[in-house]
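Asks: Need a 3D model of the following:
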Amino acid sequence: MLEPKLDEADYSLVVRTDFSDDALWERVCKAIQEPQTESEFQALVECMSDKSCMRLTPAAISALLPKNSNRSFLFIVDSETISKPEHPVLVVDLAEEPGRTFRVVPSEAWSVENNLRLANMGFADFADSVGADGVFRGD
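Replies: I've put the predicted structure just below:
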């Protein structure tokens, strides 16, 4: 079972499933967490690097969350995140359409995280706004 250290009401999860590049994992987490706007909006996330999650599917990771979890989504840094130049992070729906996914560039993760965590927008609002390659890059 994944045991986040931070309160799920205040922080979202970024789970690592690719362990091929520690330095890039750190850079992606930092890029997600950095303030991205003039108003310094940023994603409030806990980055979890647990080798028991190596190569797990989104469904398998979801199954590791506590049964009483109220999380509606999570971020996954997988092999595609590591290998692609923009490092698009996988976003997984846990509530509206469990298992539905899209990708987001780290610099736009704040928008996804803030709006989904606060329920200002729904998962589909973002998933339906991705580019032809399935990546959300903002407005």
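
Asks: Let me know how buried Phe19 is, in neighbour terms.
Replies: Residues lying near Phe19 (other Cβ atoms under 10 Å) number 16. Using the backbone N, CA and C atoms, a C-beta is placed for each residue, glycine as well.

Asks: Skipping adjacent residues, who's closest to it in space?
Replies: What sits nearest to Phe19 in space, not counting adjacent residues and going by Cβ to Cβ, 6 or more residues apart in numbering, is Met54, at 5.6 Å.

Asks: So for the one you found, what's the pLDDT?
Replies: The model reports Met54 with a pLDDT of 96.

Asks: Same question for the one 5 residues further on.
Replies: Reading off the confidence values, Ala59 has pLDDT 95.

Asks: give me phi/psi at it?
Replies: Per-residue torsions, Ala59: phi -60, psi -40 (degrees, to the nearest 10).

Asks: Check the burial of it by counting its neighbours.
Replies: The burial count for Ala59: 10, using other Cβ under 10 Å.

Asks: host element of the residue nearest to Cys47 when sequence neighbours are not counted?
Replies: Sequence neighbours aside, Cys29 is the residue nearest to Cys47 in space, at 4.0 Å (criterion: Cβ to Cβ, 6+ apart). Taking DSSP states H and E as the criterion, Cys29 maps to helix 22-33.

Asks: can you pull the buried residues of that helix?
Replies: 25, 28-29, 31-33 (16 or more other Cβ atoms under 10 Å).

Asks: Give me the mean pLDDT for it.
Replies: 97.

Asks: host element of the residue nearest the centre of the chain?
Replies: Nearest residue to the geometric centre of the chain (Cα atoms, centre = their mean): Phe75, 1.7 Å. Assigned by DSSP H and E, Phe75 belongs to strand 73-77.

Asks: Good, we can wrap up now.
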